[in-house]
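A.B. asks: coords please:
(one chain, ligands or ions: 3)
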Amino acid sequence: MNTKPYIKKHKDRFINELIELLKIPSISADPAYKNDVIKTSEHIKKSLEDAGCDQVEICETPGYPIVYGEKIINPDLPTVLVYGHYDVQPPDPINLWDSPPFEPVIKNTELHPEGAIFARGACDDKGQMYMHVKALEYLTANNELPCNVKFMIEGEEEVGSESLGWFLENNREKLANDVILISDTGMISKEVPSITTGLRGLSYVEVEVTGPNRDLHSGLYGGAVANPINILCDMIAQLHDENNHITIPGFYDKVEELSKEERAEMAKAPFSQEDYNKALDIAQEHGEKGYTTNERNSIRPTLDVNGIWGGYTGEGAKTVIASKAYAKISMRLVPDQDWKEITDLFQKHFESIAPKSVKVKVSPHHGGTAYVTPIDSVGYQAASKAYEDTFGKTPIPQRSGGSIPIVALFEKELNSKSILMGFGLDSDAIHSPNEHFGIWNYLKGIETIPHFYKHFATMSK
Ligand code: BES
Ligand code: MN
Ligand code: MN
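C.D. replies: Ligands and ions are numbered 1, 2, ... in the order given. Take a look at the predicted model:
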């Protein structure tokens, strides 16, 4: 198999097609973009048909539609199910973008001298999902598809995949497969390919602290009543101790502790703390005592405030004690932590540390379970061989800090392993202003994915 000549020939079209897809603002979190999200699903349907799927449908759900497509060449052959998402994160803060988030442009960067496409969703996940569409085009156009393929592309990943859970329960047979293939993660670097073997779980909550029943003059009342913003900050500060351990009682009870050997294995992945700090312009790293940076952001659970607001934030100064203060807080979880249990522990603890002078409300948002996959499965080995074919190197297994909550559900509902072949880089700024995806990465993904099919079909025999 040599996928290179076909890619070389169609490279410009592959890039332009992705650019068209990136122009549609499919922001699932904001109802104002409902029509655009739906329009994106129709766009994907057309792309899958053009790439060679025999049958493509837009499946309605209680939320945004799921695009389902398939090409069944022989029911006796194995089936690969490709999962991806066509929704994107809100682009805010918009003023920090160098070019408009939904007007894709190609620019060269230090890491991407071949150019990178700048747009919201370029890497997460439209660009990575579209690599699979183009890989399918390659396989069908060249008559090299060695097994059956199904596509399931959803539009609610960035808001918790609620409809997909429902869809899985109701379509087990339709979705039956031998392996699930996903490109929605990253790799270590262009020179060091890696396959993601773990994802963290998540518990996401919003808290509201109420002091007096109305906003007050901070001179007339200041010092005599609880200021909810002060109190909220104080409560948040109490959630970590001096070693950056999380103080919620019971939080660590079920955390899987890795053996010395496993940690030593992890530490072999190339990493420079100096480069890391430099790339982020920080004088020093920060985190849980006793763990390295790569452990802190993958095998350890965390608690982070994602947003905090209240009071006056407009121009100039206003002397006021706000009645309410708010924060959004996420906890990244590791195997065997149960996100519902952790959400409960958080709620009880947060209520218990509130002084009597305020009222506290904790509202859970969504959550998900962590995932780890063994490296001795047929799927992992097939992926590893695919990278060997196109990178000339064996990829390193690596646990990621991000979450794709639906992956644990795939294992439970469909009883199959997910293989996470991510081609993004940490520097791609996913969820941030100036998100981008290297053209090299995009084409490398299209080049590598067909090799996975080849090896998976051969090794499944
Ligand atoms: N693709 C990301 C997750 C990801 C990125 C995992 C890079 C590993 C490496 C996904 O779209 C995402 O952003 N997930 C959310 C969780 C979701 C419930 C909103 C996350 O991790 O914050
Ligand atoms: Mn994603
Ligand atoms: Mn995302």
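
A.B. asks: Can you confirm whether the helix ranked longest in the chain lies near ligand 1?
C.D. replies: The single longest helix within the chain, with elements called by DSSP state H, is helix 439-459. No - Helix 439-459 lies out of reach of ligand 1 by C-beta under 6 Å from any ligand atom, never closer than 13.1 Å. C-betas here are computed from N, CA, C, even on glycine.

A.B. asks: Show me which residues of the stretch 101-250 of the chain sit near ligand 2.
C.D. replies: Remark: the part of the stretch 101-250 of the chain in contact with ligand 2 comprises 124-125, 184, using C-beta under 5 Å from the ion.

A.B. asks: Could you rerun that using 8 Å?
C.D. replies: Contacts of the stretch 101-250 of the chain with ligand 2, taken as C-beta under 8 Å from the ion, map to 124-125, 128, 157-158, 184-185.

A.B. asks: Return the subset of those lying in helices.
C.D. replies: If you go by DSSP H, those have residue 128 in helices.

A.B. asks: Show me the two of the residues of the stretch 101-250 of the chain next to ligand 2 that sit farthest apart.
C.D. replies: The span of those, defined through C-beta to C-beta, is set by 158 and 185 at 14.6 Å.

A.B. asks: tell me the SS of residue 53?
C.D. replies: Secondary structure of residue 53, reduced to three states by DSSP: H, G, I helix; E, B strand; the rest coil: coil.

A.B. asks: Use 13 as the first number for this chain going forward.
C.D. replies: Fine by me, first position is 13 from now on; the one you just mentioned is residue 65.

A.B. asks: check contacts around it.
C.D. replies: 81-83, 148, 161, 163 (C-beta atoms under 8 Å, 6 or more residues apart in numbering).

A.B. asks: which one of these is nearest residue 461?
C.D. replies: For the contacts of residue 65, the closest approach to residue 461 (C-beta to C-beta) belongs to residue 148, at 8.5 Å.

A.B. asks: helices or strands up against the helix or strand harbouring the closest one?
C.D. replies: With elements taken from DSSP states H and E, the one containing residue 148 is helix 138-153. Contacts defined by 3 or more C-beta pairs under 8 Å, 6 or more residues apart in numbering; DSSP states H and E place helix 138-153 against helix 16-34, helix 46-63, strand 91-97, strand 160-166, helix 451-471.

A.B. asks: send the alpha carbons of the longest one over as CSV?
C.D. replies: Translated: helix 451-471. The C-alpha trace of helix 451-471 is given here as CSV (Å, rounded to 0.1, in the frame of the first residue of the first chain):
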residue,chain,number,x,y,z
ILE,A,451,-1.3,20.7,6.9
TRP,A,452,1.5,18.2,7.4
ASN,A,453,-0.5,16.6,10.2
TYR,A,454,-3.7,16.6,8.2
LEU,A,455,-2.1,14.8,5.2
LYS,A,456,-0.1,12.5,7.5
GLY,A,457,-3.3,11.3,9.0
ILE,A,458,-4.9,10.7,5.6
GLU,A,459,-1.7,8.8,4.7
THR,A,460,-1.6,6.6,7.8
ILE,A,461,-5.3,5.7,8.4
PRO,A,462,-5.7,3.4,5.3
HIS,A,463,-2.7,1.4,6.6
PHE,A,464,-4.7,0.8,9.8
TYR,A,465,-7.5,-0.8,7.8
LYS,A,466,-5.0,-2.9,5.9
HIS,A,467,-3.4,-4.3,9.1
PHE,A,468,-6.6,-4.6,11.1
ALA,A,469,-8.2,-6.7,8.3
THR,A,470,-5.1,-8.9,8.0
MET,A,471,-4.6,-9.3,11.7
